[in-house]
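Undergrad: Quick one: sequence plus predicted model below, questions after.
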Amino acid sequence: MTEELKTQGTDHLVAIADQFALQGKVISVQAFGSGNVNDTFLVTLDASAEKHFVLQRINMRVFRQPELIMQNMRAYTDHVRQRLQCSPLNRRWEVPRVLPTKNAQDYWRDTNSSFWRAISFISASQSFDTMQSSSHAQEIGYALGMFHNLISDLSPEKLADTLVGFHITPLYLQHYNEVLTKTSVRQSPEVNYCLQFVSDRQLLAHVLENAKTKGKLPLRLMHGDPKINNVMFDTATQKAVSVIDLDTVKPGLVHYDIGDCLRSGCNPAGEETTAWEDIYFDTELCQEILTGYLSVAKAFLTENDYIYMYDAIRLIAFELGLRFFADYLAGNIYFKVKHPEHNLARALVQFKLTESIESQETKIRAIIQDVK
């Protein structure tokens with residue numbers, strides 16, 4: 001929670017939550033989740049049916065047009081609900097609902113013009129920051145595959161680009177180089193390692209965008225942030241039941257999603273570890289995730305999609321490290337941090353993960369061929 005919200009106090013949060021409480025009285029509002037961008041709270045109601053919902057303040061420094069996020073969420077959820085009504089699944093699968101205000105709006109602006117929205121809470125579910133088991137890994141893959149499958153027939157033109165440039169790696173590299181020219185870099189072994197790491201991989205940034213330009217990879221709809229803690233699991237069955245955090249659902253390449261899912265899922269230590277020198281990419285988990293993913297994604301993937309899969313896995317770890325490092329150099333503007341060196345530590349984790357992926361290229365390519 002930001003210092004501003006702490007200063008305003010609980011009564012302020014309760015008053016905002018009350019705008020969305022159509023049934024029952026607000027009992028409590030508590031900080032919720034571990035997101036790096038928005039402020040998220042769990043609201044508890046004195047209600048007979050749905051006792052909880054999720055309240056979020058959208059970070060408008062990141063999302064300059066938050067109304068577009070809500071339009072996209074409506075388009076996505078409406079489409080998926082229709083798909084599921086026509087072709088029901090034989091297992092539990094839920095789509096977060098946008099909850100209206102008492103004035104029947106998608107959002108609420110408070111006296112400070114902050115942008116608030118509420119979404120349904122996926123009950124009897126939990127998420128994990130690191131992989132729990134091989135079966136868990138398959139379910140992570142299944143969840144992303146199901147997400148992509150359910151929107152594979154929704155035209156990308158029907159959704160707005162809520163975050164222009166997001167997951168366009170060459171633009172992150174351009175931003176990094178601009179920051180570098182404006183910043184007086186404080187030298188340290190860790191900073192020097194990152195500087196050299198990026199310098200050695202300038203050409204890597206263009207691989208997927210070049211393939212898109214040449215028509216080898218089609219524009220589809222992507223989640224944008226399918227790390228493993230955005231997959232919800234049924235607490236009883238331990239099966240995936242939902243993919244959440246839909247702010248970055250937008251036109252793009254599904255390869256960015258595949259790479260991001262594997263980047264976060266195959267790093268057993270997690271991206272917040274401080275033991276960055278021990279980071280490695282777990283190829284057994286990679287195989288399980290891809291097996292789960294392709295069990296539902298084969299229906300729409302092309303041969304070129306498989307050809308660029310390894311590049312995606314390598315690129316996204318590099319891209320996130322680049323973003324963390326650039327934000328560290330710029331003064332920690334984009335990502336929330338707990339201390340001044342936090343984004344540098346995060347960058348080191350991603351760069352070490354990239355190194356581990358590169359050292360196992362032959363094995364990872366073989367896995368892709370085995371499971372396709």
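TA: Everything's here; your move. Numbering: from 1, shown residues only.
Undergrad: Walk me through the domains of the protein.
TA: Per the record's domain assignment (automatic domain parsing), the chain is made up of the domains 3-123, 134-371.
Undergrad: how far does the shortest one sit from the chain's center?
TA: In terms of Cα atoms, centre = their mean, to the nearest Å, the gap separating the centre of domain 3-123 from the centre of its chain is 17 Å.
Undergrad: Now do the strand or helix carrying F41: which elements does it pack against?
TA: Using DSSP states H and E, F41 maps to strand 39-46. Contact analysis of strand 39-46 by 3 or more Cβ pairs under 8 Å, 6 or more residues apart in numbering; DSSP states H and E lists helix 3-18, strand 25-31, strand 52-57 as its packing neighbours. Bear in mind the C-beta positions are built from the backbone N, C-alpha and C, glycine included.
Undergrad: now those in CSV, with mean pLDDT, distance to F41 and mean neighbour count?
TA: What follows is these, written out as CSV (pLDDT from 0 to 100; distance: least, Cβ to Cβ, whole Å; neighbours: other Cβ atoms under 10 Å):
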stretch, mean pLDDT, distance to F41, mean neighbour count
helix 3-18, 77, 6, 15
strand 25-31, 93, 5, 15
strand 52-57, 95, 5, 21
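Undergrad: per-residue confidence for the most centrally placed residue in the chain?
TA: For the chain, D225 is the residue whose C-alpha lies nearest the centre (Cα atoms, centre = their mean; 1.7 Å). Looking at D225, its pLDDT stands at 92.
Undergrad: three-state assignment of the residue nearest to it when sequence neighbours are not counted?
TA: Excluding the flanking residues, the one nearest D225 by Cβ to Cβ, 6 or more residues apart in numbering is T248, at 5.1 Å. Classification of T248 into helix, strand or coil gives coil, according to DSSP: H, G, I helix; E, B strand; the rest coil.
Undergrad: For burial, what's the neighbour tally of T248?
TA: T248 is flanked by 23 other residues according to other Cβ atoms under 10 Å.
Undergrad: That one and G165 touch, don't they?
TA: No. Using Cβ atoms under 8 Å, T248 makes no contact with G165, being 11.6 Å away.
Undergrad: What ranges does the stretch 1-150 of the chain have for its helices?
TA: Here the stretch 1-150 of the chain has its helices, by DSSP state H, counting those that start in this stretch, at 3-18, 66-86, 134-150.
Undergrad: Can you tell me which of the ones you listed is packed in deepest?
TA: Neighbour counts (mean count of other Cβ atoms under 10 Å) averaged over each of these peak at helix 134-150, with a mean of 24.
Undergrad: the inter-axis angle of it versus helix 66-86?
TA: 100 degrees (axes from the mean of the first three to the mean of the last three Cα atoms, to 10 degrees).
Undergrad: Buried ones in the next helix or strand after helix 134-150, by neighbour count?
TA: Once the chain leaves helix 134-150, the next helix or strand it forms, by DSSP H and E, is helix 169-182. By 16 or more other Cβ atoms under 10 Å, the buried positions in helix 169-182 come out as 169-170, 172-173, 175-176, 179-180.
Undergrad: got JSON lines for those residues, with distance to Q105 too?
TA: Rendered in JSON lines, the data for the buried residues of helix 169-182 read as follows (distance: Cβ to Cβ, whole Å):
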{"residue": "T169", "distance to Q105": "36"}
{"residue": "P170", "distance to Q105": "38"}
{"residue": "Y172", "distance to Q105": "34"}
{"residue": "L173", "distance to Q105": "39"}
{"residue": "H175", "distance to Q105": "34"}
{"residue": "Y176", "distance to Q105": "38"}
{"residue": "V179", "distance to Q105": "38"}
{"residue": "L180", "distance to Q105": "43"}
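Undergrad: between the helices of the stretch 1-150 of the chain, which gets the lowest average pLDDT?
TA: When I compare the helices of the stretch 1-150 of the chain, helix 3-18 is least confident, with a mean of 77.
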